[in-house]
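> this one's structure only:
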């Protein structure tokens, strides 16, 4: 009997401590999970470009970390007859693609699958402090050196910072994704980090807190990677993690999307 | 009788159509409004640096657009004994500074005081479409030319974009501040803008919508100025607007803060 999309989903939920989760965003967004799976794509977000690549690869299951339809729960009523939404929906149906979100469950893994993927990419797994969940203690270096390492390992042309490039960094907070300003500030308070790495930030909260901290002489910095670059190596790692859990005849491909923004 | 801080506040609320507003964030954040006003500072956000400059100027009323304590309503219980918060609070008390927020009321002006200030700075007031509130129709130009104009007029070293620098721009959406992803996408839908100018964005919503729109061949772009740069010229304009409404003996100074982030 061939493996179905639902078989893959079930096995990936079973592997999570504490699963199944009530009220999760990790639902099937489109497509028929009873189909035999022809190939799997993992990605940060199922952009039009990812969908086209999946079709070229002959894969019919896309496992995405973030929403497909620009809404946390992928509600679509508000989009109405929006042509971007309608044409994306049409493309999905014409190509019988299934999209499943693996967000909550991948973060529920211990250690968090997304943070693990980022630290692997940085070559810094050994510095992770699993008891604190969002903390790494790295060899002491300046913020400038830290940023150079991030840019090289994550292939980023620019990174946004708040803080003094010459400050020292050792206690590194890991708030990947878009955790919100209050939670980001709480990491400075509770874990006394020198520098917080984040995906998206809230400028009038976190950035102003760090700007004030610097004006008062504290050794505090924020490094803003962008949401995609902070999390997508976690979906690269998911492709590796899946390889030993899925029959070898089913191809698994990670597709990078990068940040949507360009600094010019 | 000398003019008090409360007199200034009252006259600025009276000038707003529809005021007073119920449940506004435009409250006195610290200081005694019964004090005679010695000088007024207007600014995007009352950073530590702004507070120090106000003291040097001898001004005791700071009119800020955004919060002082990293929270929309300036609730401070969650900050506890945070040293950044405590030292900022101490500085305010020692120097008997009053902070009043002028956010909701300045946006309630017709036209919106913040949008007016931005358009004045850009030299584009004549292109504003007041009926649509967040729309300007500018002479047709490429996104690249638009960005060059923004960088020059707003003195910005870099701007973040999503889209093709060669696309044409004429219908310009004006979503200053941090309006949220859903509201930003709705401006593309309802006003059919070619390009949306914003302060902060939600990357996994607005940026991914624009990335998909581009992949589908639509002429849609997003320009991200940062929250401060998108709104602070509105507080520069407020200083001009106030000049004819406040006794000439009271100095009024606009203090620019710029974006807290630096792209490196």
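Arrived safely. These numbers come from a predicted model, not from an experiment.

> Going along the chain, name the strands of the stretch 51-200 of chain A.
A:61-64, A:98-101, A:135-142, A:160-162, A:168-175, A:195-198 (DSSP state E, counting those that start in this stretch).

> between the third one and strand A:168-175, how big is the angle?
Going back to what we said before, that points to strand A:135-142. Interaxial angle, strand A:135-142 versus strand A:168-175 (axes from the mean of the first three to the mean of the last three C-alpha atoms, to 10 degrees): 150 degrees.

> Can you tell me which helices and strands strand A:135-142 packs against?
Applying 3 or more C-beta pairs under 8 Å, 6 or more residues apart in numbering or on different chains; DSSP states H and E, one finds that strand A:135-142 contacts strand A:168-175. The way it works is simple: take the backbone N, C-alpha and C, and place the C-beta from them, glycine included.

> dump the residue contacts of the residue positioned nearest the centre of chain A.
The structure's chain A has its C-alpha centroid closest to residue A:231; by C-alpha atoms, centre = their mean the separation is 2.6 Å. Contact analysis of residue A:231 by C-beta atoms under 8 Å, 6 or more residues apart in numbering or on different chains lists A:44, A:65-66, A:114, A:117-118, A:176-177, A:199.

> rerun at 10 Å
Listed by C-beta atoms under 10 Å, 6 or more residues apart in numbering or on different chains, the contact set of residue A:231 reads A:44-45, A:65-66, A:103, A:106-107, A:113-115, A:117-118, A:176-178, A:199, A:225, B:204.

> Surely residue A:144 touches residue B:264?
Yes. Using C-beta atoms under 10 Å, residue A:144 is in contact with residue B:264, at 8.0 Å.

> check contacts around residue A:44.
Here residue A:44 is in contact with A:50, A:64-66, A:114, A:227-236, A:254-259, B:204, B:208 (C-beta under 10 Å, 6+ apart).

> let's see 6 Å
Contact partners of residue A:44, counting by C-beta atoms under 6 Å, 6 or more residues apart in numbering or on different chains, are A:65, A:228, A:231-232, A:235, A:257.

> if I look at the nearest residue to residue A:179 once chain neighbours are set aside, how far off is residue A:175?
Of all residues not flanking residue A:179 in the chain, residue A:198 sits nearest, at 7.0 Å (C-beta to C-beta, 6 or more residues apart in numbering or on different chains). Residue A:198 sits 5 Å away from residue A:175, taking C-beta to C-beta, to the nearest Å as the criterion.

> do residue A:118 as well
Residue A:118 is 11 Å from residue A:175, by C-beta to C-beta.

> got it, and residue A:73?
Remark: distance between residue A:73 and residue A:175 (C-beta to C-beta) = 22 Å.

> same thing with residue A:6?
Note on residue A:6: its distance to residue A:175, by C-beta to C-beta, is 33 Å.

> likewise residue A:154?
16 Å.

> before we move on, what about residue A:212?
Counting by C-beta to C-beta - residue A:212 and residue A:175 are separated by 19 Å.

> JSON lines for the strands of the stretch 51-200 of chain A, including distance to residue B:18 and mean neighbour count?
Shown next, in JSON lines, are the strands of the stretch 51-200 of chain A (distance: least, C-beta to C-beta, whole Å; neighbours: other C-beta atoms under 10 Å in any protein chain shown):
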{"stretch": "strand A:61-64", "distance to residue B:18": "44", "mean neighbour count": "25"}
{"stretch": "strand A:98-101", "distance to residue B:18": "43", "mean neighbour count": "24"}
{"stretch": "strand A:135-142", "distance to residue B:18": "48", "mean neighbour count": "15"}
{"stretch": "strand A:160-162", "distance to residue B:18": "36", "mean neighbour count": "24"}
{"stretch": "strand A:168-175", "distance to residue B:18": "39", "mean neighbour count": "21"}
{"stretch": "strand A:195-198", "distance to residue B:18": "38", "mean neighbour count": "26"}
